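K.L.:
with the sequence up front, the predicted model follows.
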Amino acid sequence: MKFASLVLANLGRNKVRTALTLLSVVVALFLFCTLRGVLDTLDSSIKVSSETRLVSRNAISLIFPLPLSYRDRIAAVPGVKSVGYANWFGGRNPNDPGDFYAQFAVDDENYLPIYASDVEYTRADRPQGSGAVPAGADPKLAAFFEDRTGCVVGEKLMTDHKWKMGQTIHLAGTIFPGDWPFTIRAVYRAKNPAFGEQSMLFHWKYLNEKGMGGRGIVGWYVLELANPGQAGAITKTVDALFENSAASTHTETERAFQAGFVSMYGNVPFLIGLIGIAVVLSMLGVAANTMMMAIRERTGELAVLKTLGFSDGTVFGIVLAEALALTGIGGTIGALLAKFVIEGSRFTAMGFLPPMTVRWETVITGILIALLMGLVSGLVPALRASRLSVVDALRRVE
């Protein structure tokens, strides 16, 4: 009988226990790779940001605004090509409070052109008037620019909600109370999938007039640079301009800004790592217990194998191969399920994150961990089986 056939035959002796153990390994590795996928996604949300753009926010915290009057002074800094600004809105679907997605009020004339290299507009409403667009803006945004309540939504957001072009949707303001109607005038698609397609962008002027009483405050500024190599000098110059003002600024690269935003999750990455370790250790105990039970039940069979001439090393290899096969197959299935199921769902945490991703490095790591579990859980049973005395073993056979 071939070695592999013998291993598979042994695994099939107690089909229920083998199936349950295999399922446990699948679930454990699925959870492990999914949790690691969250960390992969957080990392992707940082990498999608650009080192060629700067973000200037309130030095105290992102939740504190900056005056609109800063814009012209920032734009006058040598090396700054363009300046846009944005505000977080935070509205809710009045008919379904659980239906939440990211919404940003943006300086449409400058903000959207700054991100022209990151998105493309796949659908657009027809303009009713002149349809004039600012220099550098996509012509497909003509209807958006002429409509004060117009908005631009992501492709996935549009598809998931089954909206139609020109449809008016309503949001209930939280930070800015009231009923807020928006008309869909264009749809964008991210050129880089990590950019995300579950956000809504609308006119900052609409927010300023209706929600802020014309106070003219913004959440953050985005600076497009003429020469990315001057980023360090421009950062210092901008912050020096407002160093002694009531609202001093903290300017950094967009990538650093995004990393800081991710850090607001606190110790979530650390907790995710701990949970992943706990899952692996629990699965290790299950696999070890399964192998120990299997060896105890087959003591007589192992003695017969040795009587037929199987060496201690061969018996050791058979038992260890069983453990490796059990965890390896289960681990591979679980890791691949995490890769394709999680990525297929395109979960984005309501627009706060890019679509969930599980890197192939994470899948390979999960499979290797599964094999390591098999090695550790099967080592002691394999040693016991190889050292088993034929005489003592046959005495236990009833």
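P.N.:
Arrived safely, thanks for sending.
K.L.:
please name the bridge partners of the closest residue in space to residue 164 that isn't next to it in sequence.
P.N.:
Nearest residue to residue 164, sequence neighbours excluded (C-beta to C-beta, 6 or more residues apart in numbering): residue 184, at 7.4 Å. In this view, the C-beta of every residue, glycine as well, is placed from N, C-alpha and C. Beta-bridge partners for residue 184, by DSSP bridges, are residue 151.
K.L.:
contacting residues for residue 66?
P.N.:
Listed by C-beta atoms under 8 Å, 6 or more residues apart in numbering, the contact partners of residue 66 are 56, 57, 58, 217, 218, 219, 220, 221, 247, 249.
K.L.:
in three-state terms, label residue 164 for me.
P.N.:
Assigned state for residue 164: coil (three-state reduction, DSSP: H, G, I helix; E, B strand; the rest coil).
K.L.:
so it sits right up against residue 183, yeah?
P.N.:
No. Look at residue 164 against residue 183 with C-beta atoms under 8 Å: they stay out of range, at 10.9 Å.
K.L.:
what about these two, which has more around it?
P.N.:
Neighbours around residue 164 and residue 183, counted as other C-beta atoms under 10 Å, are more numerous at residue 183. The numbers are 18 against 10.
K.L.:
can you count the residues close to the nearest residue to that one once chain neighbours are set aside?
P.N.:
Spatial nearest neighbour of residue 183, excluding adjacent residues (C-beta to C-beta, 6+ apart): residue 168 at 4.9 Å. Look at residue 168: counted by other C-beta under 10 Å, it has 11 neighbours.
K.L.:
and residue 168, what pLDDT?
P.N.:
Turning to residue 168, the model gives it a pLDDT of 96.
K.L.:
tell me where the stretch 51-200 of the chain has helices.
P.N.:
For the stretch 51-200 of the chain, the helices defined by DSSP state H, counting those that start in this stretch cover 70-75, 111-114, 142-146, 155-161.
K.L.:
mind putting these in CSV, distance to residue 31 and mean pLDDT included?
P.N.:
Rendered in CSV, the data for the helices of the stretch 51-200 of the chain read as follows (distance: least, C-beta to C-beta, whole Å; pLDDT from 0 to 100):
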stretch, distance to residue 31, mean pLDDT
helix 70-75, 46, 95
helix 111-114, 39, 90
helix 142-146, 43, 92
helix 155-161, 25, 90
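K.L.:
among those helices, which comes closest to residue 375?
P.N.:
With C-beta to C-beta as the criterion, residue 375 lies closest to helix 155-161 of these, at 42.0 Å.
K.L.:
so which elements touch that closest one?
P.N.:
In terms of contacts (3 or more C-beta pairs under 8 Å, 6 or more residues apart in numbering; DSSP states H and E), helix 155-161 is packed against strand 178-190.
K.L.:
now residue 64: closest residue in space, sequence neighbours ignored.
P.N.:
Once flanking residues are discounted, residue 64 sits nearest to residue 58: 4.0 Å by C-beta to C-beta, 6+ apart.
K.L.:
kindly report the same for residue 23.
P.N.:
Excluding the flanking residues, the one nearest residue 23 by C-beta to C-beta, 6+ apart is residue 330, at 7.4 Å.
K.L.:
check residue 365 too.
P.N.:
When the adjacent residues along the chain are set aside, residue 365 lies closest to residue 36, with 7.3 Å between them (C-beta to C-beta, 6+ apart).
K.L.:
so that neighbour sits against residue 275, correct?
P.N.:
No. Between residue 36 and residue 275 no contact is recorded; they are 10.5 Å apart, counting by C-beta under 8 Å.
K.L.:
which one of these two is surrounded by more residues?
P.N.:
Under the neighbour definition other C-beta under 10 Å, residue 36 and residue 275 were set side by side, and residue 36 has more, 22 against 13.
K.L.:
confidence score at the more buried one?
P.N.:
On the pLDDT scale, residue 36 gets 81.
K.L.:
list the contacts for it?
P.N.:
Residue 36 makes contacts with 272, 276, 358, 362, 365, 366, as judged by C-beta under 8 Å, 6+ apart.
K.L.:
tabulate these (a markdown table), appending distance to residue 89.
P.N.:
Written out in a markdown table, the entries for these read as follows (distance: C-beta to C-beta, whole Å):
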| residue | distance to residue 89 |
| --- | --- |
| 272 | 29 |
| 276 | 35 |
| 358 | 31 |
| 362 | 34 |
| 365 | 39 |
| 366 | 38 |
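K.L.:
highest neighbour count among those residues?
P.N.:
Tallying neighbours with other C-beta under 10 Å puts residue 366 at the head of the contacts of residue 36, with 28 neighbours.
K.L.:
residue 178: neighbouring residues, count only.
P.N.:
When counting by other C-beta under 10 Å, one arrives at 10 neighbours for residue 178.
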